[in-house]
Every structure is written in structure tokens, then in C-alpha cells.
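> Build me a model from this:
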Amino acid sequence: MNTTYVSEAAAQRRDPRALAVSYLGPLVAAGGLVWAILQPARITLVHPRGQGFWWLAIEPPLLVVVAGIVFALVVARSLLSDLEAHRAAAR
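Sure, this is the predicted structure:
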């Protein structure tokens, strides 16, 4: 195993900004799931009584989960690459 690779990977894991960015999306999605579990009346999928598709699909807890997933898959990846490029330029 290459020690340079291991030391760079360890340094990347310890960077608090990178950790904060990488954990933000999953934490937001988990918060949306907890919100949906604690307030199931907010999710009209449970009791759709004559509601249309948009009324069922656009619910605040579901939107929070989607926002967390989109942040984790789209925004966080580019932010982490920018942080890595900034750290490499600083060396």
C-alpha cells in the first residue's frame, strides 16, 4: 500500500469542512424522514382522500428528503472537489 495515498486519504477525512459538506445532505434527508415519521398526518400519501398527484407528491417532509439527496449527489460533490483543489493549491 502506498503511504502517500494513505496519508492523503487520512488528511481528507480529517478536514472538518469536507466532513461538514459530506454529511450535510444525508443529515437533511434523515431529518425529513424523521419529520415524516413524527408527523404522519403531513404525508397525504397515508390518507389520499381525493387528492391529486401534485398534492400527494409535493409535501414538505418529502421535499426535505429530496433536497438532502440532491445536495448530497449534486452540490456536495462539486464542493468537495473545490475544497480538494483549494487544499492542493495551498500546498
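
> Can you tell me which residue sits nearest the middle of this structure?
residue 25 (1.3 Å; C-alpha atoms, centre = their mean).

> name the element it belongs to?
Secondary structure from DSSP states H and E places residue 25 in helix 16-38.

> What is that helix packed up against?
helix 60-70, helix 76-90 (3 or more C-beta pairs under 8 Å, 6 or more residues apart in numbering; DSSP states H and E). For the C-beta atoms, the positions are set from N, CA and C on the backbone; glycine is no exception.

> Can you say which of these is packed in most?
With neighbours defined as mean count of other C-beta atoms under 10 Å, these peak in mean count at helix 60-70, which reaches a mean of 16.

> Leaving out the residues flanking it, which one is nearest to the residue nearest to the centre of the chain?
Among residues not flanking residue 25 along the chain, residue 72 sits closest, at 2.7 Å (C-beta to C-beta, 6 or more residues apart in numbering).

> Isn't the one you found up against residue 29?
Yes. Counting by C-beta atoms under 8 Å, residue 72 touches residue 29, with 7.1 Å between them.

> related to what we said a few turns ago, identify the residues contacting the residue nearest to the centre of the chain.
Listed by C-beta atoms under 8 Å, 6 or more residues apart in numbering, the contact partners of residue 25 are 68, 69, 70, 71, 72, 73, 75, 76.

> what about 10 Å?
Applying C-beta atoms under 10 Å, 6 or more residues apart in numbering, we find residue 25 in contact with 67, 68, 69, 70, 71, 72, 73, 74, 75, 76, 77.

> count of neighbours near residue 56?
If you count neighbours by other C-beta atoms under 10 Å, residue 56 ends up with 13.

> That one contacts residue 43, correct?
Yes. Between residue 56 and residue 43 there is a contact under C-beta atoms under 10 Å: 8.7 Å.

> which residues of the protein score low on pLDDT?
Counting by pLDDT under 70, the ranges of the chain that qualify are 1-14, 44-48.
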